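[1] show me how the following folds:
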Amino acid sequence: DPYAMSTGIRNRHNSFGSGSAGALERSYSEPPDLYNQGAGGGAPLTPLDIQRMEAESGQEQMMQLIPDQSYLQERADAMTQVESNIVELGTIFNKLAVMVSEHRDLVQRVEDNVDDANDTINLSLAQLTDTLDNLRTNRALALKVFSVIVVFIIMFITFFA
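    Residues are numbered from 1 along each chain as shown. The predicted model follows:
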């Protein structure tokens, strides 16, 4: 479209022209040329004008740095807080490690006591089994003795009575 092309060229020409819009666009994209600007726009600047413009620019930069400094201070405070939290976590984990170490010894002692109790129970079971066997043999012996006595009594009654 020839009309769109001529409009686009005209817009570009206006943006690069010496109008105020072009100066505004240049001020955002590149630093101003302080040595070739004059008070009227064409004459070079004097050293006093340059110094005044640099001072104003420095004040603007300082005003921009103040929020940045508060942001940096907030970040530094946050980092300090994170660091103190990490130190506190380290302390907590060290205490936890000590507690685990102490409990490890306690658990080992409990395990040893359980093993000793298991051995004692097994020994007691073996002794109870032996005692039961002895009682069974003693009952058999008592039954044999009792049956011999009964036989003698029956024989005594039959032969002597």
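[2] pLDDT averaged over the longest helix seen in the chain, what's the number?
    Determined from DSSP state H, the single longest helix within the chain is helix 47-160. Across helix 47-160, pLDDT averages out at 88.
[3] which elements pack onto it?
    Using 3 or more Cβ pairs under 8 Å, 6 or more residues apart in numbering; DSSP states H and E as the contact test, no helix or strand touches helix 47-160. Every C-beta, even on glycine, is put in place using the N, C-alpha and C of the backbone.
[4] phi, psi of residue 46?
    Main-chain torsions, residue 46, degrees, to the nearest 10: phi -80, psi 160.
[5] against residue 74, how distant is it?
    Remark: distance between residue 46 and residue 74 (Cβ to Cβ, to the nearest Å) = 42 Å.
[6] same deal with residue 81?
    The value you get for residue 81 to residue 74, if Cβ to Cβ is used, is 10 Å.
[7] repeat for residue 152
    According to Cβ to Cβ, residue 152 stands 113 Å off from residue 74.
[8] same thing with residue 157?
    As for residue 157, its distance to residue 74 is 118 Å (criterion: Cβ to Cβ).
[9] what separation do you get for residue 154 and residue 117?
    Residue 154 sits 54 Å away from residue 117, going by Cβ to Cβ.
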